[in-house]
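Colleague: Sequence plus predicted model, see below.
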Amino acid sequence: MQDFRECKDPVMQAAQSIKKVRSRWPATIAVAVVAMLVGLVVLTATNRTTDSDPMGSLLATESLVQGNGMALDHYPDLVKSVLGDRVEVVNNRTFYYFPIGTSLLVAPVIALTSAFGVDVVMNDHKIQISLAAASAILTFLLLYIMARRFIGRWMSLLLATSFWFGTSFASSGATALWSHNFGSVMTLAALICLVTALQRQQTSWLVGSAALTGAAFIIRPQAALLAVGVLVLLALRWRRGLPWFLAPFAAVISAFVIFSHTVLDMWLPSYYLPQRLDGGEFWLALAGVMISPGRGLVVFTPLLLILALTLSSWRRISANERALVLLGVGWLIAHWLAIARFPHWWGGWSFGPRLMIDVLPGIFLAVVVLWPRSLTAIRAKAIVGVFVLLAVWSAWINTAVGLYNPYSRFWYIDPSVDVAPEMIWDLRYPQFMASESGHEDRATGRLENLPALRPGVKYSPESPELGFVGWSTGFWSPGYSLESFWLGTPAWWSEGERRWSEGESARLLFNLQDQDVNELQGRIEIPLDTFGVQRIDVSLNGTPVHITVVAGAPDQASPAQMGFAFDSSLLRSGVNQLVFNFPDHKQVGSASSFREIAVALKGFLLL
């Protein structure tokens, strides 16, 4: 008897095919819309970190494209001085210090832009953000593709959307071209190839997985942990696949070592060596990476708690799927332990657990494997409901606060989190709750124990004896570019030279000892920069002491000097406070990164 399926009417078969295609269109359109939204968020975010570690990466690319072998020696000294610890000197040649994989990957893009006369130094910020947008869209699409290997379209879209907007993929990846960006793209693609190889039992997919894992290592050396995890998985579950993964991976790494030795004159750049993980307070860092108010993974990304709820699905999944879950969880634990060994475990100037981005693909893999395949059970519906609530909260933290709240950036700049890492544990003012009032309260609280100021000593804005409230940290905008340094006119830099007033008023606090109060004659000298013509009203400990007008060129910074005498009896032992009011302050900058400034304080002398 002929099989019934072979007797179907061709017209009916065609109708069913059309119906099947039509059923895909709504989800496909939704994925495209979310992908465009992801790109739009990256392009419109107002918090930028293009001035952090990524600055210099594209210079290395441009140098390679121009035939200078990635060395930065030919750039002006001012540019190299601004890059600071982002570069290292090897055999009397200057190189970009951080991972060079992204520099290599985007070489075709920089070659193309260079052909059209686009200079990296003049456009570093713009190129970074454009490439960050491209990597963000790819990350989202790969998250969706991975989820589709296990669950339906709409649930895949929910998980992919939540994991991008609700994690450091957004709050860090959208602010600059970090090495994490394309590193995550490579690890996600490598995992998709691995999953496909296991599902289809086709070793050829392991070649792609190995090559992508090798590329991920070059872009982000922390991906070495993924390679180890995959090798362990294959050794335990599919030994026939071991050579298919190991050989291509070794080939990619060998090619990189040869390139490094030929072009950089070293077998591996220093960033790739394990010595970077030597030191630090291990147990403090271990807790801080996961639960600290200023950097905790669970605190900033509560949607990850869903992993614990989905473990109830462990019994219903296959042995290979369990191996994938163990790969994701094992990778998370290994990465967590490695970061805890890093002396700089909080990741410097960034938002939340930036250094944990690298393991998000593994966590996502574990979640989608364990995700309920059907919503008929009450437990499955509860899991989805809880996840949606956690995802909304996570998206508010990582997208709304991380990308659009300027005080989440000021949180780690003033004071610098690298100088005062103890603030990572401040329960009263965590980074995801950053606000203007909270920032000023913290600043005021930190000024209660200022070091004593000595009369007759000229102090700079960097001096710990001076307490600033309502003054900038020296940055013209939430992120700056290299353009002004190339021109030799760093008009709004730097922290060490001046602090701009922000808004209508600002305060300067200083602490005096008893014996110094009685010896002061009562005079203050303050070198300034003024933005145009500015009136300044000054009061000391609540009493008006001076009114002046400083003149400068219209709409630009001009040097000025303010000095005045006052009744020395107004001074007191302990903390004293000068209040400056600026009725003529001006708004400058773009709509997304404006400042209200009047004068910049460049020093302080009390006589």
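Modeller: Received it, and whenever you're ready, just let me know what you need.

Colleague: For the stretch 251-400 of the chain, which segments count as helices?
Modeller: Applying DSSP state H, counting those that start in this stretch to the stretch 251-400 of the chain gives helices spanning 282-291, 297-300, 306-310, 319-340, 360-370, 378-395.

Colleague: nearest to Leu198, of those?
Modeller: helix 319-340 (4.8 Å; C-beta to C-beta). All C-beta atoms are positioned from the backbone trio N, CA, C, and that covers glycine.

Colleague: Could I get the buried residue list for that closest one?
Modeller: 321, 323-332, 334-336, 338-340 (16 or more other C-beta atoms under 10 Å).

Colleague: next one: stretch 82-99
Modeller: Buried-residue list, stretch 82-99, by 16+ other C-beta under 10 Å: Val82, Leu83, Arg86, Val87, Thr94, Phe95, Tyr96, Tyr97, Phe98, Pro99.

Colleague: now the protein, which segments are flagged as low pLDDT?
Modeller: 1-23, 78, 279, 374-375, 473-496, 589-595 (pLDDT under 70).

Colleague: Give me the most central residue, it.
Modeller: The chain has Ser172 as the residue nearest its centroid, 3.0 Å off, counting by C-alpha atoms, centre = their mean.

Colleague: Could I get the contacting residues of it?
Modeller: Going by C-beta atoms under 8 Å, 6 or more residues apart in numbering, Ser172 touches Thr49, Trp178, His180, Ser350, Phe351, Gly352, Arg354, Ile357, Gly402.

Colleague: Show the contacting residues for the second one.
Modeller: If I follow you right, that is Trp178. If you count contacts by C-beta under 8 Å, 6+ apart, Trp178 has them with Thr49, Asp53, Pro54, Ala132, Ser172, Arg354, Ile357.

Colleague: Lys126: neighbour count?
Modeller: Using other C-beta atoms under 10 Å, Lys126 is surrounded by 15 other residues.

Colleague: and the residue lying closest to Ala565 once chain neighbours are set aside, how many neighbours?
Modeller: Distance criterion C-beta to C-beta, 6 or more residues apart in numbering; nearest residue to Ala565, sequence neighbours excluded, is Arg523 at 4.9 Å. The burial metric for Arg523, expressed as a neighbour count using other C-beta under 10 Å, is 14.

Colleague: Arg523 touches Met562, doesn't it?
Modeller: No. Using C-beta atoms under 8 Å, Arg523 makes no contact with Met562, being 11.5 Å away.

Colleague: Relative to Val417, how far out is Arg409?
Modeller: 11 Å (C-beta to C-beta, to the nearest Å).

Colleague: sorry, that was for Arg153
Modeller: Distance from Arg153 to Val417, by C-beta to C-beta: 41 Å.

Colleague: ok so, going back, need the helices of the stretch 251-400 of the chain in a markdown table (columns: distance to Ser270).
Modeller: Compiled in a markdown table, these are given as follows (distance: least, C-beta to C-beta, whole Å):
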| stretch | distance to Ser270 |
| --- | --- |
| helix 282-291 | 21 |
| helix 297-300 | 27 |
| helix 306-310 | 35 |
| helix 319-340 | 17 |
| helix 360-370 | 26 |
| helix 378-395 | 35 |
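
Colleague: Could you check these and tell me which one is nearest Pro26?
Modeller: In terms of C-beta to C-beta, the element of the helices of the stretch 251-400 of the chain nearest to Pro26 is helix 378-395, at 19.1 Å.

Colleague: For the closest one, name the packing helices and strands.
Modeller: Using 3 or more C-beta pairs under 8 Å, 6 or more residues apart in numbering; DSSP states H and E, the elements in contact with helix 378-395 are helix 153-165, helix 306-310.

Colleague: Return the set of buried residues in it.
Modeller: Ala380, Ile383, Val384, Phe387, Leu390, Ala391, Ser394, Ala395.

Colleague: quick one: contacts of that helix?
Modeller: By C-beta under 8 Å, 6+ apart, helix 378-395 touches 155, 158, 162, 165-167, 170, 300-303, 305-306, 309-310, 312, 372, 374-375.

Colleague: quick check: angle from that helix to helix 153-165?
Modeller: 30 degrees (axes from the mean of the first three to the mean of the last three C-alpha atoms, to 10 degrees).

Colleague: downstream neighbour of helix 378-395 in the secondary structure list?
Modeller: Once helix 378-395 ends, the next helix or strand along the chain (criterion: DSSP states H and E) is helix 402-404.

Colleague: Return the list of helices and strands in contact with that next one.
Modeller: Right, helix 402-404 is packed against helix 168-171 by 3+ C-beta pairs under 8 Å, 6+ apart.

Colleague: Tell me the first helix or strand C-terminal of the helix it packs on.
Modeller: Heading C-terminal from helix 168-171 (DSSP H and E), you reach helix 179-200.

Colleague: counting contacts, what elements does the helix or strand just after that following helix pack onto?
Modeller: Downstream of helix 179-200, the first helix or strand assigned by DSSP H and E is helix 204-219. If you count contacts as 3+ C-beta pairs under 8 Å, 6+ apart, helix 204-219 packs onto helix 101-105, helix 179-200, helix 224-237, helix 242-259.
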